[in-house]
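Visitor: A predicted structure for the sequence below; I have some questions about it.
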Amino acid sequence: MLGRLLSTAFGQIFRKDSPAAADCVAAAKRALAHGELKVALAASEEALTLSPNYPPACHVRGLALTMLGQFDEALTSMRLALRGDGKNAELRRNYGDTLRLAGQTDSAEIEYRRVLALDPQNGHGHKALGSLLLELKRPTEAAASYRSALQIDPADREAQRGLGKALFRTRYFAEARDLFAALHEAAPLDIEDRYFLGTALLQTGKTEAAGDVLQQAYALAPDETALGLMLAFKHFFAGDWKEGFRLNEQRHVAMRTNPELPGSKPWIEFIDRAMADTPRWTEGGCAGKHLLLWSEQGMGDVIMMLRLLSALRETWGATTITLLCLPPVHALEACCEGVRFIVANTAWKARPGEFDLHCSVMSLPYLMGITLDSIPGHVPFLRVPKAEQALWREKLAALPGLKVGLAWAGSPVLSLDCLRSIALEQLKPLFACRGVSFVCLQKDDAAREEARASGLPMADWMDQVGNFMDTAALMDGLDLIISVDTAVVHLAGALGKPVWLLNRFESEWRWMRDREDSPWYPSLRLFNQTETRNWGPIIEKVTTELMAVAKPN
């Protein structure tokens, strides 16, 4: 932004109240152009001595102070300039830039919109607003601003780049991919934009092309761990899990510095504090050790990795295993034999010597050398106690026909939820299947209200479900679970229950590409989108398959 302040401040037509003052302003502008900020400041202040409150001098002084990081004084100087030249769109845009640098983003947005009210054809104003909206995590609005800039100048590379980022962040990966690819063909992209291009290629199924872009960028910038992490996903999709898990070990460093990546930086920082006195398991074995595992990423990820715990004891020789987890997962302790679960809170800290080693559950595949063909552990690896099963037996017995659990929505706070969740109305064809009783597996109030409003026949006992243990017990009595990609799928797979996954086109690394089965869960069947955001063909196929399975009398 500071560079843009330099490049755009000098084409303005200043009012020349005093020839001597104007000469000082011209000298100040020349000094700014050469990066001589203190010289520019002195020249602008000399102009103000000759002509107090001279708007051009106040403006250039504000620019110099901004570039020196003295934002409060810069804003004061620019406000004086605005009193005498309030309809100068470029002055207002530079004032907006200074507000933004000073952290006053709300006021900066107001100024950028004033610029555009004064001059709707101000391409720099549209770009400035788009950049701010991206910073404020309002990518849909940012895309509109960049499109307005491109209507003014279709060849504006900065606006094209901004639109590409906005499309990426609104999860329109194909459009972002095509835009960045065209930019890269015209002139090589910088490392950051190659990350966007490579990731967009990966998300749209162009695995080999993604690998080429990411590998070239990674060779140029080997310290950019976000590139290495995306390369890990390329290897996962291609079936090279050994290399994928090796590269995936960069994720904690990457997520600390790259806001584009999923993951919880505060959680990683909490682990750093909580385990400060415990060695991390990074290589070698864990025989005879008390191993603390800590949950990471989504709850489904944690459930999936519970499959590996029996191998840690039986093959790797860990004597004791403890899992540090969040409250929803803690309830599964009764289903997971031989493992102690403890709930994390902000005050928790491991005592010196309490554990021999610690590591993330998501690091286990790397440490254990897991490949696509060698996933250890037995399925089912979660078992519902008989007493819990009995609680649901009578309720479920009253339902006729095939008993099918249904989950159609994930957590809306996750960035990719817009791609994985389905409006219940779209699943209406399933309810035409005769011989099927549907059971709601959605815990969130919004989805349950959607179900009630739809009028579709579905048993809903989720107000009696308090945790994953209760959900597992309910699932245990069902014949089939149909779900989008949420923890429900992992829980069903861990229990060995038949589960049909309605899988988004972008997919997760664990489901790979072009497979209908899963190496993690033998009872899982994949129904894959062939086009992003288009659920129609999948729903049609699932409906046909469900009719065949139901076999009504």
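Guide: Alright, I've got the coordinates. Residues are numbered from 1 along each chain as shown.

Visitor: in stretch 281-297, what's buried?
Guide: Of all the residues in stretch 281-297, those buried under the rule 16 or more other CB atoms under 10 Å are 281, 286, 289, 290, 291, 292, 293, 294, 295, 296, 297. C-beta here means a position set from N, CA and C on the backbone, and glycine is covered the same way.

Visitor: Repeat that for stretch 408-426.
Guide: For stretch 408-426, a neighbour-count test (16+ other CB under 10 Å) marks 408, 409, 410, 417, 419, 420, 421, 422, 424 as buried.

Visitor: quick one, helices of the stretch 151-300 of the chain?
Guide: 157-169, 173-186, 191-203, 207-220, 225-238, 241-248, 251-257, 265-274, 299-305 (DSSP state H, counting those that start in this stretch).

Visitor: One more: the stretch 1-150 of the chain?
Guide: In the stretch 1-150 of the chain, the helices defined using DSSP H, counting those that start in this stretch lie at 2-8, 19-33, 37-50, 55-67, 71-84, 89-101, 105-118, 123-135, 139-152.

Visitor: and the angle from the fourth one to helix 89-101?
Guide: What it means is helix 55-67. Note on geometry: by axes from the mean of the first three to the mean of the last three CA atoms, to 10 degrees, helix 55-67 and helix 89-101 are set 30 degrees apart in direction.

Visitor: what does the fifth one give?
Guide: Here helix 71-84 points in a direction 160 degrees away from that of helix 89-101 (the same axes, to 10 degrees).

Visitor: Provide the contact partners of helix 71-84 at residue level.
Guide: Residues from elsewhere that reach helix 71-84 (CB atoms under 8 Å, 6 or more residues apart in numbering): 15, 53-56, 58-59, 61-66, 88, 91-92, 94-95, 98-99, 101-102.

Visitor: Mark which of the residues you listed are buried, thanks.
Guide: Buried members of the contacts of helix 71-84, counted by 16+ other CB under 10 Å: 54-56, 58-59, 61-66, 88, 91-92, 94-95, 98-99, 101-102.

Visitor: Could you tell me which ranges of the stretch 1-150 of the chain sit under the pLDDT cut-off?
Guide: 1-17 (pLDDT under 70).

Visitor: how about 50 then?
Guide: Scanning the stretch 1-150 of the chain for pLDDT under 50 picks out 6-16.

Visitor: cool, and the stretch 351-500 of the chain?
Guide: For the stretch 351-500 of the chain, no stretch has pLDDT under 50.

Visitor: Where do the helices of it begin and end?
Guide: In the stretch 351-500 of the chain, the helices defined using DSSP H, counting those that start in this stretch lie at 364-367, 386-397, 417-420, 445-454, 468-476, 487-494.

Visitor: Now do the end-to-end distance for stretch 442-459.
Guide: Terminal residues of stretch 442-459 lie 11 Å apart, using CA to CA, to the nearest Å.

Visitor: Name the residues of it that are buried.
Guide: For stretch 442-459, by 16+ other CB under 10 Å, it's 442, 443, 447, 448, 450, 451, 456, 458.

Visitor: for the stretch 301-450 of the chain, what spans make up the strands?
Guide: Assigned strands in the stretch 301-450 of the chain, in chain order: 320-325, 340-343, 357-360, 402-407, 436-440 (criterion: DSSP state E, counting those that start in this stretch).

Visitor: what's the nearest residue to residue 207 if we skip its chain neighbours?
Guide: Leaving aside its sequence neighbours, residue 207 sits nearest to residue 237 (CB to CB, 6 or more residues apart in numbering; 5.0 Å).

Visitor: wait, the one you found sits on residue 204?
Guide: No: counting by CB atoms under 8 Å, residue 237 stays clear of residue 204, with 11.6 Å between them.

Visitor: Give me the more crowded residue out of the two.
Guide: A count of neighbours by other CB atoms under 10 Å puts residue 237 above the other of residue 237 and residue 204, at 22 against 19.

Visitor: show me what contacts that one?
Guide: 202, 207, 507, 509, 512, 513.

Visitor: one more time with 6 Å
Guide: Listed by CB atoms under 6 Å, 6 or more residues apart in numbering, the contact set of residue 237 reads 207, 512, 513.

Visitor: tell me which of the residues you listed is nearest to residue 496?
Guide: Lowest distance from residue 496 to the contacts of residue 237 (CB to CB) belongs to residue 512, with 20.9 Å.
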